[in-house]
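> Everything below, folded, please.
(one chain, ligands or ions: 2)
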Amino acid sequence: MLRVEQLVKTFAGDHSGGKDDEQETGSRRVFAVNGVSFTVAEGELFTLLGPSGCGKSTTLRSIAGLEDPDSGSIALQERMLFSRQGRSKPVNVAVHERGLGMVFQSYAIWPHMTVFDNVAFPLQVRRRKDKLTRKVIESRVMRVLETMELTKYAQRPATKLSGGQQQRLALARAIVIEPPLLLLDEPLSNLDAKLRESLRDELKRLQRELGITSIYVTHDQVEALALSSRIAVMQEGNIVQLGRPREIYNSPSCKFVAEFIGTTNFLPGVVCLREGSRYVVRTSAGELTLDSPIDVPVGSDVVVSARPEVIDLHTEGSALSVANEWKGTVLSRSFLGDSVDHLVGVGEYTLRARVNPSVSIQPQSQVFIRMSADRLTMMAA
Ligand code: ADP
Ligand code: MG
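Numbering: from 1, shown residues only. Ligands and ions are numbered 1, 2, ... in the order given. Alright, predicted model coming up:
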């Protein structure tokens, strides 16, 4: 198990004419990671997800030993890799002593070696006490090459591989040492969309099969949802939500998460009734009834998030008045292949409804939208 506690990493404000124009004095510190804590269980694929610059790579690099954090601690199993807190004696294990597997965005293969030698190298350079015989090395390399479907390229120069194959090679080289923890920083982002998807599926299969505890960094929410056992969503150096993919998607904790992970409609309103976990929220387009685990009193300003796929469209209204049924007008529609998005005007709102491709309603038509109470998410305004 990996345990990261209260990790902080700052950088000097950039005044060399770089990324951030406001850092003129150069004396201000940029909090790349601002007190991040999480644990990763054995065999998990744990993802750090967030927009560019939120501190994902800095967190990962700190675990790898490539950054020198200001404070906090990082422990793998019972072993302290890094610790700097209060008056206790600092610990900072060197990169190569941590023995972790790493794969980064750029392939970083050794161009002057064959595929086989690229994978064998990390085993050959081991120190005397951990030395393996040539036979053992060969069988381990061949086994990993087979897993990565690279066997037939074993004797090929590494540079004579396609982008996807080079990235599989980088992965092979990282896992051949059988690391207790595999660190992956946007490993698929240099590949084209189709290859990215197939390699993503392969990575998932491999990770589950081999049970390698992994930390995966990405800014791509689809990738994160597809791969992860759990996701930590980061914003400006902090973790803003941590949970299973379904939890994060279905119950985002704040507007940032709701918007970052997929598309959503925000409906601002005021709580006008509450009975236990059942709420009624008054919005400018009408009332919404919903269930929410959060605890807010009547009178609070809130925002309700309705994912496009939780909004159903009907050409007829219900005979009896039902909760969460609003009358609107279709403004436009777009065919997306596996679904049809309708933009529906309801009062002052324009809502996106994503429906089955068998449903397609002409612009200017009157429609009734229905939203199920248990699929709406309420959050503080
Ligand atoms: P991410 O991987 O989420 O895109 P990073 O961890 O790379 O984000 O960066 C987080 C913040 O720290 C950004 O504001 C970035 O500009 C800053 N930063 C990262 N590395 C350095 C560095 N070596 N020197 C100065 N600032 C840095
Ligand atoms: Mg990064």
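
> what about Val270, which helix or strand?
Mapping Val270 onto the secondary structure by DSSP states H and E places it in strand 265-275.

> ah, wrong one, I meant Leu195
Using DSSP H and E, Leu195 falls within helix 193-210.

> What's the mean pLDDT across that helix?
For helix 193-210, the mean per-residue pLDDT is 88.

> From ligand 1, how far out is the residue nearest the centre of the chain?
Centrality entry for the chain: nearest residue to the mean C-alpha point is Leu49, 3.0 Å, by Cα atoms, centre = their mean. Separation of Leu49 from ligand 1 (Cβ to the nearest ligand atom, to the nearest Å): 9 Å. In this view, the C-beta of every residue, glycine as well, is placed from N, C-alpha and C.

> So in terms of bridging, what pairs with that residue?
According to DSSP bridges, Thr218, Val233 are recorded as the beta-bridge partners of Leu49.

> Could you pick out the residues of the stretch 1-150 of the chain near ligand 1 for me?
Neighbours of ligand 1 within the stretch 1-150 of the chain, by Cβ under 6 Å from any ligand atom: 11, 14, 19, 30, 32, 50, 52-58.

> go again using 8 Å as the cut-off
9, 11-12, 14, 18-20, 30, 32-33, 48, 50-61 (Cβ under 8 Å from any ligand atom).

> Now intersect those residues with the helices, please.
With helices taken from DSSP state H, the overlap with these comprises Lys56, Ser57, Thr58, Thr59, Leu60, Arg61.

> Scan the residues you listed and report the most crowded one.
Taking other Cβ atoms under 10 Å as the neighbour criterion, Thr59 ranks highest of these with 28 neighbours.

> Can you read off the pLDDT for it?
On the pLDDT scale, Thr59 is placed at 98.

> Which residue is the nearest non-sequential neighbour of it?
With sequence-adjacent residues excluded and distances taken as Cβ to Cβ, 6 or more residues apart in numbering, Thr59 is closest to Val33, at 5.3 Å.

> Could you pull up the contacting residues of that neighbour?
For Val33, the contact set (Cβ atoms under 8 Å, 6 or more residues apart in numbering) comprises Leu7, Val8, Lys9, Gly55, Thr58, Thr59, Ser62, Pro69, Gly237.

> Can you list the residue ranges for strands in the stretch 201-350 of the chain?
Using DSSP state E, counting those that start in this stretch, the strands of the stretch 201-350 of the chain run over 214-218, 230-235, 238-243, 265-275, 278-283, 286-291, 301-306, 311-314, 325-335, 340-346, 349-355.

> Glu223 versus the residue of the stretch 251-381 of the chain found nearest ligand 1, what's the distance?
When distances are taken as Cβ to the nearest ligand atom, the stretch 251-381 of the chain reaches nearest to ligand 1 at Phe260, 12.4 Å away. The spacing between Phe260 and Glu223, counted by Cβ to Cβ, to the nearest Å, is 13 Å.

> pLDDT score assigned to the residue lying farthest from the centre of the chain?
Distance from the centre of the chain peaks at Ala319, with 43.7 Å (Cα atoms, centre = their mean). In the predicted model, Ala319 carries a pLDDT score of 80.

> what do you get for Asp20?
50.

> Gly347 too?
92.

> ok, the strand holding Val270: who's next to it in the sheet?
Its sheet considered, strand 265-275 pairs with strand 278-283 (antiparallel), strand 301-306 (antiparallel) by DSSP bridges.

> coming back round to it: tell me the one of the contacts of Val33 nearest Pro122?
Taking Cβ to Cβ as the measure, Pro122 sits nearest to Ser62 out of the contacts of Val33, at 21.8 Å.

> Could I get the buried residue list for the helix or strand hosting Gly164?
For Gly164, the element it lies in under DSSP H and E is helix 163-175. Using 16 or more other Cβ atoms under 10 Å as the test for burial, helix 163-175 gives Gly164, Gln165, Gln166, Gln167, Arg168, Leu169, Ala170, Leu171, Ala172, Arg173, Ala174, Ile175.

> which other helices and strands contact it?
Applying 3 or more Cβ pairs under 8 Å, 6 or more residues apart in numbering; DSSP states H and E, one finds that helix 163-175 contacts strand 101-103, helix 115-124, helix 134-147, helix 193-210.

> tell me what the following helix or strand past it is packed against?
Toward the C-terminal end, the helix or strand that comes next after helix 163-175 (DSSP H and E) is strand 182-185. For strand 182-185, the helices and strands in contact under the criterion 3+ Cβ pairs under 8 Å, 6+ apart are helix 56-64, strand 101-103, strand 214-218.

> Could you spell out the sheet neighbours of strand 182-185, each with its direction?
Each strand that strand 182-185 pairs with, and the sense of that pairing, follows from DSSP bridges: strand 101-103 (parallel), strand 214-218 (parallel).

> So what angle separates the directions of the helix holding Gly164 and helix 134-147?
Between the direction of helix 163-175 and that of helix 134-147, the angle (axes from the mean of the first three to the mean of the last three Cα atoms, to 10 degrees) works out to 140 degrees.
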